[in-house]
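1. Test case, fold it:
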Amino acid sequence: MFETSQKLLLKLPPEIAHEVAISGLRLLGRLPGRAQPYTSAKKRLFGCEFANPIGLAAGLDKDAKAVAGLARLGFGFVEVGTVTPRPQPGNPRPRLFRLPEHQALINRMGFNNQGVVTMVRRLDALRARDQLGGTIVGVNLGKNKDTPLGAAAGDYTVCMQRLHSLADYFTLNLSSPNTPGLRQLQHGSELSELLDQVKEMQQRLAQGGGVTPLLLKVAPDLDDEDIERIAEQVVRHELEGLIATNTTLDRGAVAGHPSSAEAGGLSGAPLTEVSCSVVQKFRRILPAQLPIVGVGGIGSVKDAQAMLDSGANLLQIYTSFIYQGPKLVRSLAQNVA
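-> Numbers count the residues shown, from 1 in each chain. Okay, here's the model as predicted:
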């Protein structure tokens with residue numbers, strides 16, 4: 001059934017296919033019973049029990065509409081979002097492009113989402129129904145497009161306040177290329193000041209019971225000096241983990257493709273080597289006990305093992321899931337240690 005649906009979805013325009021898939025997954029999540037993630041390689045990291053190390057990266061389920069359905073596919077964890085304090089439409093369509101010859105996507109979605117209030121309502125209902133069966137749910141946080149960079153920390157802390165009792169962990173998304181200026185927050189005093197404020201909020205919220213881990217998601221388009229400075233801030237601010245990497249602006253691997261000139265971030269198979277390289281560099285610098293979630297170009301057991309060998313503790317997929325469907329989740333969860 002899933003394979004037939006996958007083939008049909010790939011015949012639709014990309015964003016329509018995405019909407020149809022989310023609707024189908026919502027229906028799947030409404031069936032009786034609970035999710036049962038594959039339990040081939042359990043891990044305990046930043047206070048969370050992962051049934052297996054295979055997760056879904058943020059961006060597919062932006063508004064937490066289909067978490068229960070996604071959990072039924074066997075993921076060890078699902079990351080929803082990116083969510084912003086206020087609803088926003090994102091960038092004009094078309095904004096999502098397939099490059100099937102490269103098993104890649106280009107997107108310039110622009111944090112389109114229904115806002116944090118809607119996400120709170122959905123996650124609250126999901127927790128009340130107890131349908132997740134141990135699947136970890138992370139929430140990817142962003143800033144509204146019209147929020148000045150100097151006030152960006154406020155957007156992240158507002159979302160933390162609203163969601164801290166509902167998220168198993170938070171991801172600070174400072175690396176999307178589709179919100180103007182956002183990547184500046186990965187560097188220098190901007191990063192340090194933002195992390196000061198989100199850590200203060202994390203500690204304040206923990207007084208009410210329990211710390212919600214904070215992870216930082218970084219871009220692949222970083223030089224060695226960038227990596228060293230970001231790693232220093234991660235350690236100094238005692239973040240609980242790192243996610244590497246987001247999409248790339250580099251088009252070298254897809255040069256000549258009709259869609260290669262489209263603005264936005266490139267994801268999928270062209271990132272396999274560069275994402276592994278970034279993970280490896282962070283692993284050499286960061287403390288051994290600090291978890292790294294590796295994401296970017298993982299489309300096979302071989303790719304997954306390469307990412308783990310580079311130093312990742314957990315893995316996330318997105319573009320390969322679009323092209324290969326649920327069978328990839330099963331293959332990775334059952335064959336990756």
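
2. Please spell out which residues along the helix or strand Ile230 falls within are buried.
-> Here Ile230, judged by DSSP states H and E, is contained in helix 224-236. Under the neighbour-count criterion of 16 or more other Cβ atoms under 10 Å, helix 224-236 has 226-227, 229-231, 233-234 buried. The way it works is simple: take the backbone N, C-alpha and C, and place the C-beta from them, glycine included.

3. Relative to Ala304, which of these is nearest.
-> Ile227 (22.2 Å; Cβ to Cβ).

4. Can you tell me how far the closest one is from Leu172?
-> From Ile227 over to Leu172 the distance is 17 Å, taken as Cβ to Cβ, to the nearest Å.

5. before we move on, what about Leu123?
-> Distance from Leu123 to Leu172, counting by Cβ to Cβ: 18 Å.

6. ok, these two, which is more surrounded?
-> Leu172 (26 against 20; other Cβ atoms under 10 Å).

7. Check what contacts the host helix or strand of the more buried one and list those residues.
-> Leu172 belongs to strand 169-173 when elements are defined using DSSP H and E. Applying Cβ atoms under 8 Å, 6 or more residues apart in numbering, the external contacts of strand 169-173 come out as 46, 48, 58, 79, 81-82, 136, 138-142, 156, 159-160, 163, 182, 194, 198, 212-217, 240-241, 243, 246.

8. Partner strands of that strand and their direction?
-> strand 136-141 (parallel), strand 214-218 (parallel) (DSSP bridges).

9. what's the spacing between the first one and its chain's center?
-> Right, the one you point to is strand 136-141. Counting by Cα atoms, centre = their mean, to the nearest Å, strand 136-141 is centred 8 Å from the centre of its parent chain.

10. and after it, which helix or strand comes next?
-> helix 152-163.

11. Quick one: work out the angle between that next one and strand 214-218.
-> Counting by axes from the mean of the first three to the mean of the last three Cα atoms, to 10 degrees, helix 152-163 lies at 130 degrees to strand 214-218.

12. just so I have it, where are all the helices in the chain?
-> Counting by DSSP state H, the chain has these helices, from start to end: 2-9, 14-29, 67-71, 116-129, 152-163, 188-206, 224-236, 272-285, 301-310, 319-324, 326-335.

13. Those helices: which one's closest to Lys42?
-> helix 326-335 (11.1 Å).

14. Not counting its own residues, what contacts the closest one?
-> Residues outside helix 326-335 that contact it (Cβ under 8 Å, 6+ apart): 2-3, 37-38, 40-41, 52, 54, 73-76, 298-301, 304, 315, 317, 320-321.

15. Please pick the buried ones from those residues.
-> 37-38, 40-41, 52, 54, 73-76, 298-300, 304, 315, 317, 320-321.

16. Restricted to strands, list these.
-> 54, 315, 317 (DSSP state E).

17. Is the first one in contact with Tyr318, as I believe?
-> No - with the criterion set as Cβ atoms under 8 Å, Ile54 and Tyr318 do not qualify as a contacting pair; they are 11.8 Å apart.

18. which stretches of the stretch 1-150 of the chain have low pLDDT?
-> Within the stretch 1-150 of the chain, the ranges that satisfy pLDDT under 70 run 1-2.

19. With the stretch 151-300 of the chain instead?
-> Scanning the stretch 151-300 of the chain residue by residue, none of them satisfies pLDDT under 70.

20. if we go to 90?
-> Residue ranges of the stretch 151-300 of the chain with pLDDT under 90: 208-210.

21. roughly how far out does the strand holding Leu172 sit from the chain middle?
-> Distance, centroid of strand 169-173 to centroid of chain: 8 Å (Cα atoms, centre = their mean).

22. Check stretch 142-162 too.
-> On Cα atoms, centre = their mean, the centre of stretch 142-162 falls 18 Å from that of its chain.

23. Identify the residues contacting Leu249.
-> 177, 221, 265-266.

24. how does it look with 6 Å?
-> Listed by Cβ atoms under 6 Å, 6 or more residues apart in numbering, the contact partners of Leu249 are 177, 221.

25. if I look at it, how far off is Pro100?
-> 21 Å.

26. Let's see stretch 21-39 as CSV, backbone CA atoms only.
-> C-alpha atoms of stretch 21-39 as CSV (Å, rounded to 0.1, in the frame of the first residue of the first chain):
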residue,chain,number,x,y,z
ALA,A,21,0.8,12.9,2.3
ILE,A,22,0.1,14.8,5.6
SER,A,23,-3.6,14.2,5.2
GLY,A,24,-3.0,10.5,4.7
LEU,A,25,-0.7,10.3,7.7
ARG,A,26,-3.3,12.1,9.8
LEU,A,27,-5.8,9.4,8.9
LEU,A,28,-3.3,6.7,9.8
GLY,A,29,-2.7,8.3,13.2
ARG,A,30,-6.5,8.2,13.9
LEU,A,31,-6.6,4.4,13.7
PRO,A,32,-7.1,2.5,17.0
GLY,A,33,-4.0,1.5,18.9
ARG,A,34,-0.6,3.0,19.7
ALA,A,35,2.5,3.4,17.7
GLN,A,36,5.2,0.8,18.0
PRO,A,37,8.6,2.1,17.0
TYR,A,38,11.3,-0.4,15.9
THR,A,39,13.4,-1.3,19.0
